[in-house]
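Q: Just to be clear, the model below is a prediction. Sequence and coordinates:
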Amino acid sequence: MLEQEEILKLIKQAQKGSEEAKTILLTENSPLIKSIIRRYKGRGIEYDDLYQLGCIGFLKAIKNFSFEFEVRFSTYAVPMIMGEVKRYLRDDGYIKISRTIKSDAIKINAFVERYRQTHQKSPTVEEIANEFNIEPREVAFVMDSAKLPVSIYDNTDDDGGKQIIDKLPSEENENNNIDKILLKDLINSLSERDKKIIILRYFRGSTQCEVARIMGVSQVQISRLENKILSMMKSEFIKGQA
């Protein structure tokens with residue numbers, strides 16, 4: 001991964017139109033983009049398409065990044081990448097059915113229902129085709145296109161009859177994932193000394209006295225350093241969520 005100073009230098013070049021700088025930034029940050037889009041797999045979009053969406057969001061982050069705010073670029077880029085994917089899923093990611101097909105599907109369904117009531121059985125594809133004077137394959141296409149879930153509480157065909165809502169990702173979990181990425185990035189940005197203190201205190205469960213012994217300083221110094229580090233991280237974390 002590039003150092004923050006090198007990243008900022010490349011961003012300035014990219015904002016001035018350097019395609020080479022954009023390519024370097026994309027290549028070096030590919031693991032970050034992949035880690036974000038991985039959670040959107042299984043939404044009906046090919047992985048390569050998801051990656052392209054992630055790259056679009058990343059390039060937008062490069063274009064709009066401001067040097068006035070003291071925020072690491074990756075912290076700014078994460079919500080931009082996720083926003084691009086989520087926007088696609090919301091606006092373009094689902095199959096769009098034309099009004100004509102929807103209208104034909106309604107008419108066919110109405111005919112099927114009437115036929116069932118009259119004959120106590122469902123009509124064949126050929127009978128439907130004859131009724132509407134269309135080809136059997138067109139009947140199959142229209143009826144298949146109409147097979148979309150109308151409620152998140154409909155049952156799925158697998159998983160023992162679970163409802164669709166059970167398979168939807170939680171917004172809370174998604175937000176937690178964003179927070180984890182931001183937190184990881186903040187920890188990685190710390191100096192080796194500060195990083196060691198935070199890891200020992202909050203990931204290894206060490207007391208301030210134990211950390212002091214390991215670092216070869218007093219407990220009072222560790223306490224002062226820890227408060228300073230946490231205050232800085234909190235400030236950066238809030239900026240990253242904004």
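A: Sure, I can see it.

Q: Kindly state the domain boundaries assigned to this structure.
A: With domains defined by automatic domain parsing, the chain comprises 4-94, 99-167, 190-241.

Q: what's the least confident stretch among the ones you listed?
A: Lowest mean pLDDT within the domains of the chain: domain 99-167, at a mean of 71.

Q: excluding its backbone neighbours, what's nearest the most centrally placed residue in the chain?
A: For the chain, the residue nearest the mean C-alpha position is Met82 (4.4 Å; CA atoms, centre = their mean). In space, and not counting its chain neighbours, Met82 is closest to Ile36: 5.9 Å by CB to CB, 6 or more residues apart in numbering. To be clear about C-beta, it is placed using only N, CA and C from the backbone, and glycine gets the same treatment.

Q: which stretch of helix or strand covers that neighbour?
A: Mapping Ile36 onto the secondary structure by DSSP states H and E places it in helix 30-37.

Q: Determine the set of other helices and strands touching the lengthiest helix in the chain.
A: For the chain, the helix with the greatest residue count under DSSP state H is helix 219-241. Helix 219-241 sits against helix 73-91, helix 171-188, helix 192-202, helix 208-215, with contacts defined as 3 or more CB pairs under 8 Å, 6 or more residues apart in numbering; DSSP states H and E.

Q: hmm, 7 Å instead?
A: Here helix 219-241 touches helix 171-188, helix 192-202, helix 208-215, going by 3 or more CB pairs under 7 Å, 6 or more residues apart in numbering; DSSP states H and E.

Q: Give me the angle between the shortest one and helix 192-202.
A: Between the axes of helix 208-215 and helix 192-202, defined by axes from the mean of the first three to the mean of the last three CA atoms, to 10 degrees, the angle is 140 degrees.

Q: what packs against the following helix or strand past the helix holding Ile36?
A: From helix 30-37 onward toward the C-terminus, using DSSP H and E, the following helix or strand is helix 47-64. Here helix 47-64 touches helix 4-15, helix 19-28, helix 30-37, helix 73-91, going by 3+ CB pairs under 7 Å, 6+ apart.

Q: Kindly reformat the ones you listed as a markdown table containing distance to Met215.
A: Output for these, formatted as a markdown table (distance: least, CB to CB, whole Å):
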| stretch | distance to Met215 |
| --- | --- |
| helix 4-15 | 25 |
| helix 19-28 | 32 |
| helix 30-37 | 31 |
| helix 73-91 | 27 |
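
Q: Tell me which of the ones you listed sits most buried.
A: helix 73-91 (a mean of 19; mean count of other CB atoms under 10 Å).

Q: Quick one: list the elements packing against that one.
A: Using 3+ CB pairs under 7 Å, 6+ apart, helix 73-91 sits against helix 4-15, helix 30-37, helix 47-64, helix 171-188.

Q: Distance to Phe132 added to these, as CSV?
A: Output for the helices and strands packed on helix 73-91, formatted as CSV (distance: least, CB to CB, whole Å):
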stretch, distance to Phe132
helix 4-15, 56
helix 30-37, 43
helix 47-64, 36
helix 171-188, 43
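
Q: how about those, which one is nearest Gln208?
A: Proximity to Gln208 (CB to CB) singles out helix 171-188 among the helices and strands packed on helix 73-91, at 18.3 Å.

Q: which residues does Gln208 contact?
A: By CB atoms under 7 Å, 6 or more residues apart in numbering, the contact list for Gln208 reads 219, 222-223.

Q: Who wins on neighbours among the residues you listed?
A: Sorting those by how many neighbours each has (other CB atoms under 10 Å) puts Ile222 first, at 23 neighbours.

Q: residues in contact with that one?
A: 197, 208, 211-212, 215.
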